[in-house]
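>>> quick one, structure for this:
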Amino acid sequence: METVLIVDDEEDIVELIQYNLTGQGYTVLTALSGEHGISLSISHVPDLIILDLMLPGIGGLDVAKYLRRKAETKNIPILMLTAKSSDADIITGLESGATDYMCKPFGIDVLMARVRAILRRHVPESVKEESDDLENGLVINRNRYQVKVNGKPVNLTLTEFQLLSFLASKKGWVFSRNQIVDAIHGTDYAVTDRSIDVVISGLRKKLKPKAHVIETVRGVGYRYRE
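Down below sits the predicted model:
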C-alpha cells in the first residue's frame, strides 16, 4: 500500500488524518515542522504528501518549492491542507507546486476521497511509459516530467506541466476551464476560473517562443493548436 507523509504542526489534526489513513491501509509518516517534512520526503520518498502552509521554521510554500527542485522528490504529489482559503492563496499554492489544495476546516471523508483520487492518478516513475511529444522544437517528456523548448529545459510547476500535457494529448480540442481543472485535479476540486487563467499566463511566459501553441478560444476556454 502507498505511503503518505503528513506535515502539520497541529498534532490533533495529524492524529485524526493518521488514524483514518492507517484504517484504510496506508503507511503513514508524520512531521511537525517543514524541516522534518523535507528530511522524511528525501529519505522515504512517500507516494503523497499532505502539507500545511503555516509551519514553524520553513513554511509549507517553501517546502513545496524545495521538493519540486530535488530530482528524487519533484514528482511526489502534494495536497496542501491549510486555513488559507482566498483565491490568491490557492493560486500561490498551485504555482508553488501543489497537486491539490484543500482548506481547513475540512471533512475527513472528503479528505480521504481526495487522497484516493490523487493516488489513482499518480503513476510511479517505474511503471510509466516513456512518451515524448515533439512539436516544432517543443518536447514534452511525460516520463521525466520534462519540457524543452529548442533544446533548452523549461522549469514548470507540476500544475503547469499537467495542464500542458493534457492539452497536448488532445490537440485541437477545446476545453473549458472547468474541464481542465477536472482533468488535472479531479471533479471534486474547488478552484476558480481565474486560477486556470493565471496558470496559462505563467505557462505561456515560460514557453516562449512556443507560447502560441496554447490558444485562447474566447467564451469557451483553451486548446493546444493543431
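>>> ok, and the closest non-adjacent residue to the residue nearest to the spatial centre of the chain?
Geometric centre of the chain, nearest residue: residue 99, 2.0 Å, by Cα atoms, centre = their mean. Once flanking residues are discounted, residue 99 sits nearest to residue 77: 4.1 Å by Cβ to Cβ, 6 or more residues apart in numbering. Any C-beta I mention is one placed from the backbone N, CA and C, and that applies to glycine too.
>>> please report the distance of that neighbour from residue 29.
The gap separating residue 77 from residue 29 is 15 Å, by Cβ to Cβ, to the nearest Å.
>>> go on, residue 110?
22 Å.
>>> between these two, which one's more packed in?
residue 29 (18 against 11; other Cβ atoms under 10 Å).
>>> who touches the strand or helix carrying that one?
Using DSSP states H and E, residue 29 sits in strand 27-31. Strand 27-31 is contacted from outside by 1-7, 14, 17-18, 21-22, 37, 39-40, 44, 46, using Cβ atoms under 8 Å, 6 or more residues apart in numbering.
>>> quick one: average confidence on that strand?
For strand 27-31, mean pLDDT rounds to 96.
>>> just the CA atoms of it, as PDB, please.
Presented in PDB, the C-alpha positions along strand 27-31 are these (Å, rounded to 0.1, in the frame of the first residue of the first chain):
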ATOM      1  CA  THR A  27       1.600   3.600   5.600                       C
ATOM      2  CA  VAL A  28       1.800   6.900   7.400                       C
ATOM      3  CA  LEU A  29       4.700   9.200   8.200                       C
ATOM      4  CA  THR A  30       4.400  12.400  10.200                       C
ATOM      5  CA  ALA A  31       6.300  15.600  10.700                       C
END
